[in-house]
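Colleague: kindly generate the corresponding structure for this input.
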Amino acid sequence: MPFKIPTLWFGMLHQSIAGHPDPISKHPSCRRLMPARNLPSQCDGGLWTAELHNARVIANARLIALDDGRVIAGLQSLHGTPRGLTTRTFRRIRLLNRRVLSGVSLMLGAPCGDNYFHWLFDCLPRLKICFECGVDLKNVQHILLDGHVNRNLVRDTFEILELPFEKVVYLNNREIVQCEELTLPSMTVPSPGEVANWIVEWLRETFAGQHSTPPIPPTRKLFIAREPSTSRRLINRDLVQNQLESLGFETHYLRGKKITEQVSLFRSAKIVVAQHGAALTNLSFCEPGTKLVEIISPGHSNRCYADLAAVHGIERKELFGQPCDDKSGLDITVNIPELTRMVQ
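Modeller: Residues are numbered from 1 along each chain as shown. The predicted structure follows:
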């Protein structure tokens, strides 16, 4: 095998270009930029897809650079970063192996694509943007993904979407990939973790539409437990589980379950009790009016599932756990009487 001389890439040697349709469409390497006019958007400049010649994908899909080396702001790891030029990701010196992909490549991977929520809300909906822009996926030879993504989940969702899994190209941290032609959809929302109603509707149409009509009304009471080996442990999980099961709840662990199984489970839910975590992405498949008790660790809290519940008509209550001895606020215990009152 011939020795390949690594490429030295140093972001500060280049300027950035705004991740906005106007400057991108005027760049000489842009073949075409197509707006997704039928999709509502909170993003400045709306949603769009660009076709770029000789674009570069840098370090495990972290950055996208044009053929002159300028990095596109607002995309990939610069998504939601107001001052892209000053971020550590942009400034790092990298010694990278160079790879060339001929034909048309599609950038589908997004930051944190190994997470169930970000895969369903940030990565896959970029396909919907492409569809709305008239992109023909039959002309795509390579589908680019973060090399850390859950490959079983990718295969599972691609099978439902009838996408060719053999076209997937996993990107590595130590390489710079030059794409002869790159189809580049915009990010789905202004910042990671935000929720858009059109994404929920598309997910339900795409994945929940595979199933028969759920029970009317849904009847099951679900306790979605986290595996003991994960972070943010629920120290008195056994007591919580026993109490909830005495109230008619079923206990479920979702790790390793196919997306069709998770969809079916949440479609049948009347009430869900769960710790904050990626499993709650499946609220998208609940019927409006479903009730949720979200157990939260004080050391780890964000609004993504509260926003999802609000968008989708889920009645949500939050229960903050009591931090344990680790002082991080991540491992918690739950007040059983308080949880019982909230559920009842």
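Colleague: give me the nearest residue to residue 277, chain neighbours excluded.
Modeller: If the residues on either side of it in the chain are set aside, residue 277 comes closest to residue 226, at 6.0 Å by CB to CB, 6 or more residues apart in numbering. In short, each C-beta sits where N, CA and C put it, glycine included.
Colleague: pLDDT at that neighbour, what is it?
Modeller: Per-residue pLDDT puts residue 226 at 89.
Colleague: and the most centrally placed residue in the chain, how far from residue 278?
Modeller: The centre of the chain sits closest to residue 118, judged by CA atoms, centre = their mean, with a distance of 1.2 Å. Taking CB to CB, to the nearest Å as the measure, residue 118 falls 8 Å from residue 278.
Colleague: also residue 40?
Modeller: Here the criterion is CB to CB. By it, residue 40 lies 25 Å from residue 278.
Colleague: swap in residue 144?
Modeller: 22 Å.
Colleague: quick one, which of those two is more surrounded?
Modeller: For residue 144 and residue 278, the more surrounded residue by other CB atoms under 10 Å is residue 144, and the numbers stand at 24 against 16.
Colleague: and the helix or strand where that one lies, average pLDDT?
Modeller: Take DSSP states H and E as the rule and residue 144 turns out to sit in strand 142-146. What strand 142-146 shows for mean pLDDT is 96.
Colleague: the helix or strand following it packs against which elements?
Modeller: The C-terminal neighbour of strand 142-146 among helices and strands, as given by DSSP H and E, is helix 151-161. Other elements packing on helix 151-161 under the criterion 3 or more CB pairs under 8 Å, 6 or more residues apart in numbering; DSSP states H and E are strand 168-171, helix 197-207, helix 259-267.
Colleague: how does this protein divide up, domain by domain?
Modeller: 7-194, 209-343 (automatic domain parsing).
Colleague: CA atoms of the strand holding residue 144 as CSV?
Modeller: Output in CSV follows, covering the C-alpha atoms of strand 142-146 (Å, rounded to 0.1, in the frame of the first residue of the first chain):
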residue,chain,number,x,y,z
HIS,A,142,-22.2,8.3,-0.9
ILE,A,143,-24.2,9.1,2.3
LEU,A,144,-21.9,10.7,4.8
LEU,A,145,-22.3,10.0,8.5
ASP,A,146,-20.4,10.7,11.8
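Colleague: packing partners for that strand?
Modeller: By 3+ CB pairs under 8 Å, 6+ apart, strand 142-146 packs against strand 93-107, strand 168-171, strand 175-185.
Colleague: please redo it, this time with the cut-off set to 10 Å
Modeller: strand 93-107, helix 151-161, strand 168-171, strand 175-185 (3 or more CB pairs under 10 Å, 6 or more residues apart in numbering; DSSP states H and E).
Colleague: next, the angle from the last one to strand 93-107.
Modeller: To tie it back to what came earlier, the one meant is strand 175-185. Counting by axes from the mean of the first three to the mean of the last three CA atoms, to 10 degrees, strand 175-185 lies at 30 degrees to strand 93-107.
Colleague: return the set of buried residues in strand 175-185.
Modeller: Across strand 175-185, burial judged by 16 or more other CB atoms under 10 Å covers 175-179, 181-185.
Colleague: repeat for the longest one
Modeller: Neighbour counts using 16+ other CB under 10 Å place 94, 96, 99, 101, 104-107 of strand 93-107 among the buried residues.
Colleague: what's in contact with the helix or strand following that strand?
Modeller: Where DSSP H and E defines the elements, the next helix or strand beyond strand 93-107 is helix 116-118. By CB atoms under 10 Å, 6 or more residues apart in numbering, the residues outside helix 116-118 that reach it are 109-112, 124, 146, 149-150, 153, 192-193, 195, 254-255, 259, 262, 277-282, 284, 304-305, 308.
Colleague: again, only this time at 7 Å
Modeller: 110-112, 192, 278, 281, 304 (CB atoms under 7 Å, 6 or more residues apart in numbering).
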